[in-house]
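K.L.:
this one's sequence-less:
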């Protein structure tokens, strides 16, 4: 037997997409699923439940969990909408997935300058004048944010020229 986290997602029929499960019914279902570490979520036109269950494999875990959730949901007074997603994940794999970052690593101007070994002023010159310089992912009032990987890749392919950059000749 292995422990699985099983998520059952329901969806309202086309004519009832704005319907919402009653809070009291969702709370009752959550109480009924307490022995399974149950979590219930509900929104417009959908509700779902996630439980932990021990079964010999993911297909059996999904089937047993779906039947349990469906039965208890009816008893709790949840809308009897059809399941549109049933996902069983072995608990250890879910834990590994949850430990991985979900957002890419971003860097600000000072960090990007440090990665490239240049001053903040030189970084802004590079960003403005070098077509190969990566576009920022975000431009906030506090400054620009770049993907760390993009800045590091630029640093590897950037052909540095020794010395100070030449200034443009003054028009006379």
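P.N.:
That came in fine, so what should we check first? The shown structure was predicted, so the numbers you read here are calculated from the model rather than taken from an experiment.

K.L.:
residues contacting stretch 87-102, please?
P.N.:
2-7, 52, 58-59, 61-62, 65 (Cβ atoms under 8 Å, 6 or more residues apart in numbering). To be clear about C-beta, it is placed using only N, CA and C from the backbone, and glycine gets the same treatment.

K.L.:
buried residues, it. List them.
P.N.:
88-89, 94 (16 or more other Cβ atoms under 10 Å).

K.L.:
quick one: distance of it to the chain centre.
P.N.:
12 Å (Cα atoms, centre = their mean, to the nearest Å).

K.L.:
over to stretch 145-152?
P.N.:
With Cα atoms, centre = their mean as the basis, the mean position of stretch 145-152 lies at 19 Å from the chain mean.

K.L.:
average pLDDT for it?
P.N.:
Taken as a whole, stretch 145-152 has an average pLDDT of 96.

K.L.:
for stretch 52-61, same thing?
P.N.:
For stretch 52-61, the mean pLDDT works out to 97.

K.L.:
do you have the helices of this protein handy? List them.
P.N.:
For the chain, applying DSSP state H gives helices covering 23-32, 58-76, 91-99, 109-116, 120-129, 148-157.

K.L.:
could these go into JSON lines alongside distance to residue 46?
P.N.:
Shown next, in JSON lines, are the helices of the chain (distance: least, Cβ to Cβ, whole Å):
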{"stretch": "helix 23-32", "distance to residue 46": "12"}
{"stretch": "helix 58-76", "distance to residue 46": "13"}
{"stretch": "helix 91-99", "distance to residue 46": "21"}
{"stretch": "helix 109-116", "distance to residue 46": "40"}
{"stretch": "helix 120-129", "distance to residue 46": "43"}
{"stretch": "helix 148-157", "distance to residue 46": "36"}
